[in-house]
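>>> Return atomic coordinates for the entry below.
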Amino acid sequence: MIGVELRAMLSRPRTWVVILLLNLLPTIVAGLLALTDVGPRPGEGPAFLSAVLTNGQLYPLAALAIVLPLFLPVAVSVIAGDSVAGEAQAGTLRYLLARPVGRTKLLVAKLISVAAFVMLAVVIVAAVAYFVGTTLFDTTSLAGVSSVSGTVLTDQQVAARTVIAVLYVTLSMLGVAAMGLFLSTLTDSPLAATLGALAFLIASSLLLTLDAADAIAPYLPTRYWLAFVDLFRDPVPTRDLVRGVGLQGVYVVVLLGAAWANFTTKDITS
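Numbers count the residues shown, from 1 in each chain. Got it, this is the predicted structure:
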């Protein structure tokens, strides 16, 4: 079942169109930066964007910072929202469950498929951005890191911390995937599940801008998404990173538990 879901995810043109669109904006931004040689001032614009003119190796991080606030969550919400609701809308869910396949096993297969898409999307965005960054920008100097940490990192340190940043962003998006999967078990409409997940994330982002919401800000799902920037400070402040991992872990466990509880008791015969 897991293999079937993974093959289905990888064989759908929609999967690759979404990933292509995710890479389009960072590539356009890199092209504009290379043509004009004018970047945002340090501290302005997406993280690391002002540093890539002097160090193209940092562009994977800038690309993730570009797509993370909106485009990547939209992509994950679309795939996760369609996971179960799409089968219900197409009328194939009853056929799947009529076969000797348990609901828990089917839900786990859907979860692994969505998680694989998340990892695939994040890794491809980072890989394409690395190719674009090292092609268009200088890679001989690591001075760009000084705008974040004030220190110089070796190539090995940059590579290792970039990998950790990719894993951190992937975990952050698993929280979005869990929300989309949960909502997908509540409705037969993939669009409704997708819009529900996006509404939750937009509300979180808006609340973070309100002083009146400071008391609940540490518990909002988008609060620590950009904490991977701290990986490029020296020494690395780990507080927000640890809190981000813990918070997303809680959201994943709670939402997947709710999805399992609902899906295993859902009436799919009517």
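
>>> pretty sure L207 is touching A213, no?
Yes - the criterion here is CB atoms under 8 Å, and L207 meets it with A213 at 4.2 Å. Yep, even glycine has a C-beta here, placed from its N, CA and C like the rest.

>>> what is in contact with those two at once?
L220 (CB atoms under 8 Å, 6 or more residues apart in numbering).

>>> Neighbour count: those two, which is higher?
L207 (16 against 13; other CB atoms under 10 Å).

>>> residues touching that one, list them.
A213, I216, A217, L220.

>>> Recalculate using a threshold of 10 Å.
Contacts for L207 (CB atoms under 10 Å, 6 or more residues apart in numbering) come out as A213, D214, I216, A217, L220, T222, R223.

>>> from the residues you listed, which single one is nearest L49?
T222 (19.6 Å; CB to CB).

>>> rewinding a little: just give me the closest of the contacts of L207 to R239.
Closest to R239, out of all of those and judged by CB to CB, is R223, at 12.3 Å.

>>> residues contacting that closest one?
The contact partners of R223, taken as CB under 10 Å, 6+ apart, are S204, S205, L207, L208, I216, A217, D240, R243, G244, L247.

>>> next SSE after the lowest-mean-pLDDT helix or strand in the chain?
Every helix and strand of the chain was ranked by mean pLDDT, DSSP states H and E. The lowest is helix 93-98, at a mean of 57. Using DSSP states H and E, the helix or strand that follows helix 93-98 towards the C-terminus is helix 103-136.

>>> Retrieve the pLDDT associated with I164.
Listed pLDDT for I164 reads 94.

>>> before we move on, what about L142?
pLDDT, L142: 45.

>>> List buried residues within the contacts of L207.
L220, T222, R223 (16 or more other CB atoms under 10 Å).

>>> Provide the secondary structure category for the last one.
For R223, the secondary structure call by DSSP: H, G, I helix; E, B strand; the rest coil comes out as coil.

>>> can you check S50 too?
coil.

>>> Double-check it against Y59; I have them as touching.
No - taking CB atoms under 10 Å as the definition, S50 is not a contact partner of Y59, at 11.8 Å.

>>> So between those two, which is more surrounded?
The residue with more neighbours, out of S50 and Y59, is Y59; 32 against 21, by other CB under 10 Å.

>>> Can you tell me the closest non-neighbouring residue to the more buried one?
Nearest non-adjacent residue to Y59, counting by CB to CB, 6 or more residues apart in numbering: G133, 2.6 Å away.

>>> Output whichever strand or helix holds L22 as PDB, restricted to C-alpha atoms.
Secondary structure assigned from DSSP H and E places L22 in helix 13-36. Coordinates of the C-alpha atoms in helix 13-36 are reproduced here as PDB (Å, rounded to 0.1, in the frame of the first residue of the first chain):
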ATOM      1  CA  PRO A  13       1.900  15.500 -13.200                       C
ATOM      2  CA  ARG A  14       0.500  17.700 -10.500                       C
ATOM      3  CA  THR A  15       3.300  16.800  -8.100                       C
ATOM      4  CA  TRP A  16       6.000  17.900 -10.600                       C
ATOM      5  CA  VAL A  17       4.100  21.000 -11.700                       C
ATOM      6  CA  VAL A  18       3.800  22.100  -8.000                       C
ATOM      7  CA  ILE A  19       7.500  21.600  -7.500                       C
ATOM      8  CA  LEU A  20       8.300  23.400 -10.700                       C
ATOM      9  CA  LEU A  21       6.300  26.400  -9.600                       C
ATOM     10  CA  LEU A  22       8.000  26.300  -6.200                       C
ATOM     11  CA  ASN A  23      11.300  26.700  -7.900                       C
ATOM     12  CA  LEU A  24      10.200  29.400 -10.300                       C
ATOM     13  CA  LEU A  25      10.100  32.400  -7.900                       C
ATOM     14  CA  PRO A  26      13.500  31.800  -6.300                       C
ATOM     15  CA  THR A  27      15.000  31.300  -9.800                       C
ATOM     16  CA  ILE A  28      13.500  34.600 -11.000                       C
ATOM     17  CA  VAL A  29      14.700  36.400  -7.900                       C
ATOM     18  CA  ALA A  30      18.200  35.000  -8.400                       C
ATOM     19  CA  GLY A  31      18.200  36.100 -12.100                       C
ATOM     20  CA  LEU A  32      17.200  39.700 -11.100                       C
ATOM     21  CA  LEU A  33      19.800  39.900  -8.400                       C
ATOM     22  CA  ALA A  34      22.500  38.700 -10.800                       C
ATOM     23  CA  LEU A  35      21.400  41.100 -13.500                       C
ATOM     24  CA  THR A  36      21.200  44.200 -11.300                       C
END
